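K.L.:
Dropping a prediction and its sequence here:
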Amino acid sequence: MEHFTPLPALAGGLLIGLAAALLFNLQGRIAGISGIFAAGLSALLRRTWDEAAWRWAFLIGLVLAPLALRPGTGEGALEVWLPASPTPTGLLVAAGLLVGFGTALGSGCTSGHGVCGLARLSRRSFLATALFMVAAALTVFVRRHLLMAGF
């Protein structure tokens, strides 16, 4: 476990939970990223600026937040956003498209179901999160043990 970093992971999890709780308690909104993106795009196309503004501010914050940590990491902006990966770019693009398809098919993403849905005791979110975790475990097992191309 060469990249085991429990304290930064704990801090990140606490910040995600805090952000989700604040958005829900102050705005009555659920912090599901795929839903925020889809509704934000739709609001832009319909030109409902006040509805689009908070969504795009949230998404832009997600993209720009790594820059706030950049001075402490010694990495450049691209390394923060796009760390070096041995995986071919085409495969990463295909994986991203499959994730987008999955979030549409599952009516939400890991943040919507796993953080916000579980906090609201949603049965649908419990099932979705369980399926996410099983799929992730199977993917890691196949990649590391069956394909023998472990990271």
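P.N.:
Everything's here; your move.

K.L.:
hang on, isn't V115 packed against A31?
P.N.:
Yes. Here V115 reaches A31: they are 6.8 Å apart, a contact under CB atoms under 8 Å. The way it works is simple: take the backbone N, C-alpha and C, and place the C-beta from them, glycine included.

K.L.:
Mutual contacts of those two, please.
P.N.:
Contact criterion CB atoms under 8 Å, 6 or more residues apart in numbering; residues shared by V115 and A31: A20.

K.L.:
Tell me where this structure has helices.
P.N.:
With helices called from DSSP state H, the chain shows them at 6-22, 33-46, 49-73, 77-81, 89-105, 110, 118-119, 123-141.

K.L.:
Report the buried residues of the second one.
P.N.:
For helix 33-46, burial by neighbour count (16 or more other CB atoms under 10 Å) applies to 33-37, 39-40, 43.

K.L.:
Report the contact partners of the most centrally placed residue in the chain.
P.N.:
Computing the C-alpha centroid of the chain and ranking residues by CA atoms, centre = their mean puts S111 first, at 5.9 Å. The contact partners of S111, taken as CB under 8 Å, 6+ apart, are 16, 20, 31-33.

K.L.:
Show me the shaky parts of the protein.
P.N.:
In the predicted model, the chain carries pLDDT under 70 at residues 1-3, 69-85, 148-151.

K.L.:
deepest of the helices of the chain, which one?
P.N.:
Highest mean neighbour count among the helices of the chain (mean count of other CB atoms under 10 Å): helix 110, with a mean of 20.

K.L.:
hmm, who's touching it?
P.N.:
Against helix 110 from outside (CB under 8 Å, 6+ apart): 129, 132.

K.L.:
closest to L147 among the buried residues of helix 33-46?
P.N.:
Proximity of these to L147 (CB to CB) peaks at S34, which lies at 28.3 Å.

K.L.:
Quick check: the gap between that closest one and G117.
P.N.:
In this structure, S34 and G117 are 12 Å apart, going by CB to CB, to the nearest Å.
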